[in-house]
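Participant: Below are the sequence and a predicted model for it; my questions follow.
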Amino acid sequence: MALERTFSIIKPDATERNLTGAVNAVIEAAGLRIVAQKRIRMTRQQAETFYAVHKERPFFGELVDFMISAPVVVQVLEGENAIAKYREVMGATNPANAAEGTIRKQFAKSVGENSVHGSDAAETAAVEIAQFFSGNEIVG
Ligand SMILES: Nc1ncnc2c1ncn2[C@@H]1O[C@H](COP(=O)(O)OP(=O)(O)OP(=O)(O)O)[C@@H](O)[C@H]1O
């Protein structure tokens with residue numbers, strides 16, 4: 001299986017509680033390599049663009065406000081089957097439904113403040129990576 005890349009965000013609820021390293025430890029223990037990473041404060045426009053697929057959902061405003069409420073860490077993760085593997089490592093969207101050992105089970109506060117994002121498919125991974133990183137910032 002070829003190496004694959006996925007896009008990850010360590011969300012404001014996690015950066016605020018100083019959990020960046022703890023989340024990264026779970027990522028690395030799962031065999032995923034962090035090939036790009038930066039801490040940023042998302043603009044409202046970046047957050048709205050990133051979550052545009054959810055713009056008709058009732059929680060959209062709350063989601064955008066949350067994503068700009070504190071810094072986030074954006075990342076590119078690389079590994080075999082990285083997209084599916086990271087979704088597994090993150091756990092279910094709602095931490096109440098997340099499996100033991102997953103990032104969301106360990107750290108998420110609620111369905112909204114759920115500590116991490118991970119791309120759901122190869123096409124979205126490519127778009128999301130390109131929204132936040134230029135090619136020379138990714139070092140595999
Ligand atoms: N019912 C809800 N109330 C508040 N926020 C929600 C709700 N459902 C989803 N969200 C927020 O919107 C994000 C995107 O929802 P989606 O259903 O795509 O979940 P996901 O694919 O597990 O998460 P992500 O896209 O962040 O990896 C969730 O991670 C969460 O932060």
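Facilitator: On my side now, so go ahead. A quick note: this is a predicted structure, and the numbers were derived from the prediction, not measured.

Participant: only C-alpha atoms for contact and neighbour calcs from this point on.
Facilitator: Fine.

Participant: Buried residues, stretch 59-77. List them.
Facilitator: 60, 63-64, 66-77 (16 or more other Cα atoms under 10 Å).

Participant: So which of those sit within strands?
Facilitator: When DSSP state E defines the strands, the subset of those inside them is 72-77.

Participant: Closest one of the buried residues of stretch 59-77 to the ligand?
Facilitator: When the buried residues of stretch 59-77 are ranked by distance to the ligand (Cα to the nearest ligand atom), L63 comes first, at 5.8 Å.

Participant: Nearest spatial neighbour of the closest one, chain-adjacent residues omitted?
Facilitator: Spatially, and ignoring its direct neighbours in sequence, L63 is nearest to G112 (6.8 Å; Cα to Cα, 6 or more residues apart in numbering).

Participant: how close does the one you found get to the ligand?
Facilitator: Taking Cα to the nearest ligand atom, to the nearest Å as the criterion, G112 is separated from the ligand by 3 Å.

Participant: Spell out which parts of this protein neighbour the ligand.
Facilitator: Contact residues (Cα under 6 Å from any ligand atom) of the chain with the ligand: 59, 63, 93, 111-114, 117-118.

Participant: Including pLDDT and secondary structure, could those go into a markdown table?
Facilitator: What follows is the residues of the chain next to the ligand, written out as a markdown table (pLDDT from 0 to 100; DSSP: H, G, I helix; E, B strand; the rest coil):
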| residue | pLDDT | secondary structure |
| --- | --- | --- |
| F59 | 98 | coil |
| L63 | 98 | helix |
| T93 | 98 | coil |
| V111 | 98 | coil |
| G112 | 98 | coil |
| E113 | 98 | coil |
| N114 | 98 | coil |
| H117 | 98 | strand |
| G118 | 98 | strand |
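
Participant: Many thanks, have a good one.
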